[in-house]
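Novice: Take this sequence and fold it.
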Amino acid sequence: MLNKITSLLWKILFLIVMLVTLFCLPFKLFTKLLFSQRSYRLQSWQFARVWGWITIITTGSRVEVVGRENIPASGPVCFMGNHQSYFDIPALVGFLGSPMGFIAKQELAKVPVLSQWMTQLPSFFLDRDNARQAVKVFKEAAQVMREGQPMVIFPEGLRAERGQVTDFHLGSFKLAQMAEAVIVPFAIDGTWRIMEIDGNIHASRVKITILPPVRPQDPIYSDKNALASHLRSSIETCLETPRQEG
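Specialist: Below you'll find the predicted structure:
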């Protein structure tokens, strides 16, 4: 009963936060006229970073990030990792410490406020059943990466159940290859415990592990099957370690 009450209070607080971001949106759009594209994107991420931090911290959860030294300082970058929860996006944007946009599923484009803010990062919404639209989205996102803005894509496509890792869609790797971007794998663990257990909010220990990058000159880069197998096994190892220790 107590958990249901705290969950309700969190949802009310989250609604208030989203209303505040809604009121801030027109001002943010106005600043687009005053700043360069690069500065505008950086400011959009900084605003999103605050939103992500508040969203996670108010659940009582704590986030640990290891491996930040594996993020390249410059050049096209594509983050690729597992997908556990609706809370993956706020955890990544709030705590990873790098500007980013997202390749998100088409359904998120219908979510008021959130979709408008994601667009400012920028982010792109992918219809996996429409090959022509997917190619268009990847071309636009690849250009954004070439301009210096990292992108995040979840190769599983959909959220996996209870911290598992499902098969990676090989088409996801085309995004990085189109931009000749460095692939930075990440493993995110613990976000599924926040809400996916029973629909209520639970405090969780979230860990984001940034793994060694795969660069365009690496032999495995152009072999999608080998690359998918390498990334998936590396991520699964990160998720298995805490359970083995426990």
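
Novice: who's in contact with the strand of greatest length in the chain?
Specialist: Assignment by DSSP state E gives strand 182-189 as the longest strand of the chain. Residues outside strand 182-189 that contact it (Cβ atoms under 8 Å, 6 or more residues apart in numbering) are 70-72, 75-84, 88, 91-92, 96, 150, 163, 173, 176, 206-216, 221, 227, 231, 234-235, 238-239, 242. For the C-beta atoms, the positions are set from N, CA and C on the backbone; glycine is no exception.

Novice: and what of stretch 8-22?
Specialist: With Cβ under 8 Å, 6+ apart, stretch 8-22 has contacts from 47, 51, 54-55, 58-59, 112-114, 117, 201.

Novice: just curious, which of those residues is nearest to residue 155?
Specialist: Residue 155 has its nearest neighbour among those in residue 114, at 22.1 Å by Cβ to Cβ.

Novice: Residue 90: which element?
Specialist: Of the helices and strands defined by DSSP states H and E, residue 90 is found in helix 88-95.

Novice: What is that helix packed up against?
Specialist: Secondary-structure packing of helix 88-95 (3 or more Cβ pairs under 8 Å, 6 or more residues apart in numbering; DSSP states H and E): helix 37-57, strand 62-66, strand 182-189, strand 205-210.

Novice: mind checking the SS state of residue 8?
Specialist: Classification of residue 8 by DSSP: H, G, I helix; E, B strand; the rest coil places it in helix.

Novice: I'd like to know how far it sits from residue 19.
Specialist: Counting by Cβ to Cβ, to the nearest Å, the gap from residue 8 to residue 19 is 17 Å.

Novice: and the residue most central in space within the chain, what does it touch?
Specialist: Geometric centre of the chain, nearest residue: residue 89, 4.2 Å, by Cα atoms, centre = their mean. Going by Cβ under 8 Å, 6+ apart, residue 89 touches 52, 102, 104.

Novice: which of those are buried?
Specialist: Neighbour counting by 16 or more other Cβ atoms under 10 Å classes 52, 102, 104 among the contacts of residue 89 as buried.

Novice: can I get the residues you listed in CSV with pLDDT and distance to residue 156?
Specialist: Shown next, in CSV, are the buried ones among the contacts of residue 89 (pLDDT from 0 to 100; distance: Cβ to Cβ, whole Å):
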residue, pLDDT, distance to residue 156
52, 96, 21
102, 97, 14
104, 91, 13
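
Novice: Could you single out the nearest of those to residue 33?
Specialist: When the buried ones among the contacts of residue 89 are compared for distance to residue 33 (Cβ to Cβ), residue 102 wins out at 24.7 Å.

Novice: Find the helix or strand that the closest one is a member of.
Specialist: Counting by DSSP H and E, residue 102 is found in strand 101-105.

Novice: just residue 21 next, same as before
Specialist: Assessed by DSSP H and E, residue 21 sits inside helix 2-31.

Novice: in this protein, which helix or strand is least confident?
Specialist: Ranked by mean pLDDT, DSSP states H and E, the weakest helix or strand in the chain is helix 224-245, scoring a mean of 81.

Novice: ok, residues contacting that helix?
Specialist: Helix 224-245 is contacted from outside by 80-82, 155, 163, 165, 167-168, 170, 173, 183, 185-187, 189, 207, 209, 211, 214, 220-221, using Cβ under 8 Å, 6+ apart.
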